[in-house]
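Asker: following is a predicted model, sequence given first.
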Amino acid sequence: MSLGGECRRGRGHPTRSADATFNVSEPGAACLNRRQRWLFDVMKFGLIDRIVELTRGERIVAVKAVSLSEEYLADHFPTFPVLPGVLMLEALVEAAAWLVRDAQGFSSSVILLRRAKNVTYKAFVKPGNLLTVTVTCRKLAEEESEFDGIGHCNENEAVRARFGLRHFSLRQHEGNPERNTRIDEQLVETAKAEFTLLRR
Amino acid sequence: MAPSRDEVFAKIRDVLTDALGVDEEEVTSEATLQGDLGAESIDFLDIVFRLEKEFSIKIPKGELFPDDILNNPDYVEDDKMTPAGLQKLKAAMPHADFSQFEESPYVSKMPDLFTVNTIVNYVEGKLAAA
Amino acid sequence: MRWIWIDTFVDFVPGQRASAIKNVTLAEEHLHDHFPGYPVMPASLIIEGMAQTAGILVGEARGFAENVILAKIRSAEFDDYAIPGDQLRYDAVIESIDERAAVTSGTVLKNGKPIGRVNLIFSHIDQADKAIGLPEHNFVFTEQFMNLLATFRNRGVHGSGKSDGA
């Protein structure tokens, strides 16, 4: 991933400008904090590459780009690499999760798939293609939400699903409150950084 | 005692709302599985499986949805079903209403043969024969 | 990230049912992203674990003649989630199978306790079907999967998983 500007201190990581936007054309601006740098280096399991449209609490459109450089494709399948069906579902789930985070002001630090129904696969998504997911919200409550999702590839429907998420704030979860609050803050900070990245 | 047509319809409506994720109101007698209810080919298999479980009947391959006749290129000419093909199809699907399809037997209109009524007729027939 | 979401079979009754184990470990890359600081096994990958267990069960029942592809997740429900150190078990059962498709049902267990249910439909696809450019040979049942099954069978009927010292 190329962001242009380079850290003046020679650490080789991308930089952001002082106003906290990711501005590629300002080398030498303040360094990213450690978490933000790590995001660029390490993120592998994330099925959304870009958020294209977001109507708060209602609808989100996002994109997953499929590239032959993704390791798991070598196993799925050898000689016929295609995006696994469950990762198409994961893309729908992650898009929905971003909708929830945005609508709730990032108050839920953990968002999980609770149930999925009639997830139907209609077409293969091959490397070099984009899966565009459109997720509409049917219900959004504090700790649960429901969605309908469709994924298109080259204008053909590749997947559709109806699914429900479960979400909570870790700091309110059972367990060590001090530790949970710390992890909660970490999760929210990371999510906010990634959200900015996905919407740039 | 065999269930009434209404009871059969109600159970089939449940099967379809479950398998296709549609609302109850959308499942009318005349609704077509593909056009109106959005069923994919894999959904047809899912529906057959659920009907077998729901009604404790065995649905041999092709009895409810005769794929082999529908997909047989010998029975298609100029995008229309040949008279021979139409005859075979009618014989294989006594549970379907052919009045509209007969007037313009275009291959593209074949999915319209599969309405909720088609399934109700089929299941009623199976239950009566049992 | 490899694409193998089960570790070993613990039960396999041809044409009927199979059980496979999946250990959740911090050694797995994806857990560090999901989520950073709070690793949770993604439900989508639990579904895949069940799909691989059921898919091998279905494939074996037909001599691995066809490509067994996940066509529809009828339903997947989870009452709990798994974290590193947990052991998942996928119990899959064939409900129906013929040359076109197979229907399977399954339970997901975490440390012996049921936490989810995953019901699937697989399509048996061949060159005539769906996509252009399908390879002619069977591409689904890779060596990895075949080895998993072979390992189980080599342990014998009452396979306890104990090393044979070899």
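Answerer: Received the coordinates, thanks. Numbering: from 1, shown residues only, chains lettered A, B, ... in the order given.
Asker: remind me what the top helix by length along chain A packs against, helices and strands.
Answerer: If you go by DSSP state H, chain A has its longest helix at helix A:177-198. Under the contact criterion of 3 or more Cβ pairs under 8 Å, 6 or more residues apart in numbering or on different chains; DSSP states H and E, helix A:177-198 touches helix A:34-42, strand A:50-55, helix A:85-104. For the C-beta atoms, the positions are set from N, CA and C on the backbone; glycine is no exception.
Asker: ok, now with 10 Å
Answerer: In terms of contacts (3 or more Cβ pairs under 10 Å, 6 or more residues apart in numbering or on different chains; DSSP states H and E), helix A:177-198 is packed against helix A:34-42, strand A:50-55, helix A:85-104, strand A:110-121.
Asker: now find how far off-centre it is within its chain.
Answerer: Here helix A:177-198 is found 14 Å from its chain centre; the criterion is Cα atoms, centre = their mean, to the nearest Å.
Asker: give me the angle between it and strand A:50-55.
Answerer: With axes from the mean of the first three to the mean of the last three Cα atoms, to 10 degrees defining the directions, helix A:177-198 sits at 100 degrees from strand A:50-55.
Asker: which parts of helix A:177-198 are buried?
Answerer: The neighbour-count check on helix A:177-198 (16 or more other Cβ atoms under 10 Å in any protein chain shown) flags A:180, A:183-184, A:186-191, A:193-195, A:197-198 as buried.
Asker: the inter-axis angle of it versus helix A:85-104?
Answerer: Computed by the same axes, to 10 degrees, the angle separating helix A:177-198 from helix A:85-104 equals 100 degrees.
Asker: so which residues of chain B form helices?
Answerer: Assigned by DSSP H, the helices in chain B fall at B:5-20, B:41-55, B:67-70, B:83-92, B:99-103, B:116-129.
Asker: so does the shortest one get close to chain C?
Answerer: Spelled out, it's helix B:67-70. Yes - applying Cβ under 10 Å from any Cβ of the partner chain, one finds helix B:67-70 in contact with chain C at residue B:67.
Asker: and residue C:122, which of the three is it?
Answerer: Assigned with DSSP: H, G, I helix; E, B strand; the rest coil, residue C:122 falls in the strand class.
Asker: do you know how far it is from residue C:16?
Answerer: 16 Å (Cβ to Cβ, to the nearest Å).
Asker: those two: which has the busier surroundings?
Answerer: A side-by-side neighbour count of residue C:122 and residue C:16, using other Cβ atoms under 10 Å in any protein chain shown, places residue C:122 first with 28 against 12.
Asker: that one contacts residue C:97, correct?
Answerer: Yes - the pair formed by residue C:122 and residue C:97 meets the contact definition of Cβ atoms under 10 Å, at 8.8 Å.
Asker: which neighbours do those two share?
Answerer: Here residue C:122 and residue C:97 have C:57-58, C:103-104 as joint contacts, going by Cβ atoms under 10 Å, 6 or more residues apart in numbering or on different chains.
Asker: check contacts around residue A:46.
Answerer: Neighbouring residues of residue A:46 by Cβ under 10 Å, 6+ apart: A:39, A:64, A:90-91, A:94, A:194, A:197-198, C:30, C:33-34.
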